[in-house]
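In: Show me how the following folds:
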Amino acid sequence: MREWNVLPEREMLEQALVLALLVNGRTVFQECIPTEENLRFAEVLKEFGLKFNTVGDQLVAEGVGFGYSVPIILPFDFSRQANTLILALASKDLETTYTILAETKEELAEKKELLLNVAKVFLKTETENSISFSFEAKPYNIRTAKNGGVPYLQRNFALLSALVCGEDLKFEERFVVRDQWTSMLKHFGVNVTYDLIVPEFKDEFERRMAKAQGIKMVKTWKTSLSETKTLPPREYFVPSDVTLASAYALAAILSNEVERKQDVFLNVACATSRASVFTVLKRMGADLEFSGRHERYGEPFSNLVVKPLSSKRLQGCHFSGDSLAAAIEEIPILAVAACFAEKETIFHLPENDVKRIHHLLEVLAVNLRKTGAEIGVYEDGLVIRGKEEPDIAEFDCEGFPTIGLALSILNALTKNHTPIIGIEATDKIFPHARKILNQICGKES
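Out: Below you'll find the model as predicted:
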């Protein structure tokens, strides 16, 4: 058995650092070794008033409460998640006009989409490489998707903006993904309730009458946030990163290292609303399971145990948008799994996501076709027909970190030594990942 440590979940650490800013006092992050990108985000929060330092395997942050200052120039060159948090922090300032710059039309369009679909802003001017806007005081318009859920970045912005602006907020969802932000708010002392509402009938007659009238009695998650005056000091623990753990797990699943019996990846975030990538891999025939489920500060995590394939190959499957909604970030990794699978794999992606990541899917398809796999990008997602032994190829991830991570799995499995073009973006977000993938596959000791 081999045991592997995995870096902290990037998204959760960013969220927790923002809450550490809003705490009146100290927040101690236990067993937390931040990456350079994590520290870069923390440095930006210094402009709002956060102080922090690392002590051994702890990160200690000193917050200033809700009286933080908003910088005149907003940093806006992080992930969509991190940019959303920055926007929400700034949303209490209704007077300042902010300008966001971009180097390309595609980058500008992506930032504009985030402003219009996630934040509550008024666009003032727009040029070929900039957008000027100010925040609006109107109530946030919660918009649910076709599956009855609120897109998680909209939820994150709405909750944080309401918190820092001292507003009340209520909404319901029938389908929930990536809801760790809500439970984290609750742990840090925010006045928020998050309850599952299950319809009940007094008797069988009432149930039959509701059915006859076409009344759909569905479960809903109800969120209610009210004004919170102060957040006290806290301790916090961030589980291991799901995207990184899924990449390592796939490498272990497909590796033909004869001496290996099982690999264990430690303390992986395992909430179903975030870690559905592992459910997808299990449906394809992967032998993996969560062992020793724990919960610390409201967030579940577990060791991920991965064994070699019991069959010759993974099996292609059809996946719906609902089953993939919490695994959008891991689509490149799942696509690599499909390249090794027998028969056809179809990924039907949620409508909002497939439009947003269409270019990523095209870049992914161009690279995976080089392995000899058949792959098609269509309006709903991807169709992939794999082969037993993918060809060695020269890849170009075009600066997409998760594509670079997925292609690094292929390189490690096929013992391909050709460098991936644009892999620097992957090394920035997932430091040392390529080295660990090579070790898992026996490419290097």
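
In: From now on I want contacts and neighbour counts done on CA atoms only, so please keep to that.
Out: OK.

In: residues in contact with residue 347?
Out: 318, 319, 320, 321, 324, 380, 381, 382, 383 (C-alpha atoms under 8 Å, 6 or more residues apart in numbering).

In: Can you list which of these are found in strands?
Out: The members of the contacts of residue 347 that map onto strands under DSSP state E are 318, 319, 381, 382, 383.

In: Just give the number of residues close to the fourth one.
Out: By other C-alpha atoms under 10 Å, the residues close to residue 382 number 20.

In: rewinding a little: so which of the ones in strands among the contacts of residue 347 wins on neighbours?
Out: Neighbour counts for these, by other C-alpha under 10 Å, peak at residue 381, which reaches 22 neighbours.

In: Quick check, it in contact with residue 349.
Out: Yes. Using C-alpha atoms under 8 Å, residue 381 makes contact with residue 349 at a distance of 5.2 Å.

In: Out of the ones in strands among the contacts of residue 347, the closest to residue 396 would be?
Out: Residue 396 has its nearest neighbour among the ones in strands among the contacts of residue 347 in residue 382, at 19.1 Å by C-alpha to C-alpha.

In: Could you chop the protein up by domain?
Out: Using automatic domain parsing, the domain parsing of the chain gives 8-69, 242-440.

In: where does the chain have its least confident helix or strand?
Out: helix 204-212 (a mean of 65; mean pLDDT, DSSP states H and E).

In: Distance to residue 55 and pLDDT for the ones in strands among the contacts of residue 347 - can I get that in CSV?
Out: What follows is those, written out as CSV (distance: C-alpha to C-alpha, whole Å; pLDDT from 0 to 100):
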residue, distance to residue 55, pLDDT
318, 47, 96
319, 44, 96
381, 45, 94
382, 45, 96
383, 48, 97
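
In: Distance to residue 27 added to those, as TSV?
Out: Below are the ones in strands among the contacts of residue 347 laid out as TSV (distance: C-alpha to C-alpha, whole Å):
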residue	distance to residue 27
318	44
319	41
381	41
382	43
383	46
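
In: can I assume residue 32 is in contact with residue 238?
Out: Yes. Applying C-alpha under 8 Å, one finds residue 32 in contact with residue 238, separated by 7.1 Å.

In: quick check, distance from stretch 426-442 to the centre of its chain.
Out: For stretch 426-442, the separation from the chain centroid amounts to 19 Å (computed by C-alpha atoms, centre = their mean, to the nearest Å).

In: mind listing what's buried in it?
Out: Going by neighbour count (16 or more other C-alpha atoms under 10 Å), the buried part of stretch 426-442 is 426, 429, 430, 431, 433, 434, 436, 437, 438, 440, 441, 442.

In: What residues does the residue nearest to the third one when sequence neighbours are not counted make contact with?
Out: Looking back up the chat, that one is residue 430. Of all residues not flanking residue 430 in the chain, residue 244 sits nearest, at 7.4 Å (C-alpha to C-alpha, 6 or more residues apart in numbering). Residues in contact with residue 244 (C-alpha under 8 Å, 6+ apart) are 6, 7, 430, 433.

In: A helix includes residue 244, no?
Out: Yes. Counting by DSSP: H, G, I helix; E, B strand; the rest coil, residue 244 is found in a helix.

In: Next one: it from residue 414, what distance?
Out: 19 Å (C-alpha to C-alpha, to the nearest Å).

In: Now the helix or strand hosting residue 29: average pLDDT?
Out: Counting by DSSP states H and E, the element that carries residue 29 is strand 24-30. Mean pLDDT, strand 24-30: 95.

In: Likewise for stretch 230-240?
Out: Mean pLDDT, stretch 230-240: 95.

In: which residues of the protein score low on pLDDT?
Out: 199-217, 257-260, 444-445 (pLDDT under 70).

In: Contact partners for residue 53?
Out: Residue 53 neighbours (C-alpha under 8 Å, 6+ apart): 59, 60, 61.

In: can you redo the residues you listed as TSV with distance to residue 261?
Out: Below are the contacts of residue 53 laid out as TSV (distance: C-alpha to C-alpha, whole Å):
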residue	distance to residue 261
59	35
60	39
61	41
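
In: Can you give me the neighbour number for residue 287?
Out: A count of neighbours around residue 287, defined by other C-alpha under 10 Å, yields 18.

In: Run a quick neighbour tally on the residue nearest to it when sequence neighbours are not counted.
Out: Computed as C-alpha to C-alpha, 6+ apart, the closest residue to residue 287 that is not its neighbour in sequence is residue 307, at 5.4 Å. If you count neighbours by other C-alpha under 10 Å, residue 307 ends up with 20.

In: Likewise for residue 131?
Out: 20.

In: ok, now which ones touch it?
Out: Counted by C-alpha under 8 Å, 6+ apart, residue 131 has contacts 99, 100, 101, 108, 112, 123, 124, 125.

In: So which of those sit within helices?
Out: Counting by DSSP state H, those place 108, 112 in helices.

In: Out of the contacts of residue 131, flag the one nearest to residue 302.
Out: Closest to residue 302, out of all of the contacts of residue 131 and judged by C-alpha to C-alpha, is residue 112, at 37.8 Å.

In: The closest one and residue 311, how far apart?
Out: Using C-alpha to C-alpha, one gets 47 Å for the distance from residue 112 to residue 311.

In: For these two, indicate the residue with more neighbours.
Out: More crowded of residue 112 and residue 311, by other C-alpha under 10 Å: residue 112, with 17 against 10.

In: phi, psi of the closest residue to the more buried one other than its chain neighbours?
Out: Residue nearest to residue 112 in three dimensions, not counting chain neighbours: residue 131, with 7.5 Å by C-alpha to C-alpha, 6+ apart. Residue 131 adopts backbone torsions of phi -140, psi 130, taken as degrees, to the nearest 10.

In: what are the bridge partners for residue 131, then?
Out: Beta-bridge partners of residue 131, counted by DSSP bridges, are residue 100, residue 126.

In: And it, how far from residue 107?
Out: 11 Å.

In: One more: residue 324?
Out: Distance from residue 324 to residue 107, by C-alpha to C-alpha: 25 Å.

In: The two: who's more crowded?
Out: The neighbour comparison of residue 324 against residue 107 (other C-alpha under 10 Å) goes to residue 324, with 21 against 14.

In: just the strands in the stretch 101-250 of the chain please.
Out: Per DSSP state E, counting those that start in this stretch, the stretch 101-250 of the chain carries strands over the ranges 121-126, 130-135, 169-173, 192-197, 220-225, 234-237.

In: sorry, back to before: just the closest of the ones in strands among the contacts of residue 347 to residue 344, please.
Out: For the ones in strands among the contacts of residue 347, the nearest to residue 344 is residue 383 (7.1 Å; C-alpha to C-alpha).

In: give the contact list for the nearest residue to the closest one once chain neighbours are set aside.
Out: Nearest in space to residue 383, with sequence neighbours left out and distances taken as C-alpha to C-alpha, 6+ apart, is residue 346 at 4.6 Å. Contacts for residue 346 (C-alpha under 8 Å, 6+ apart) come out as 316, 317, 318, 319, 381, 382, 383, 384.
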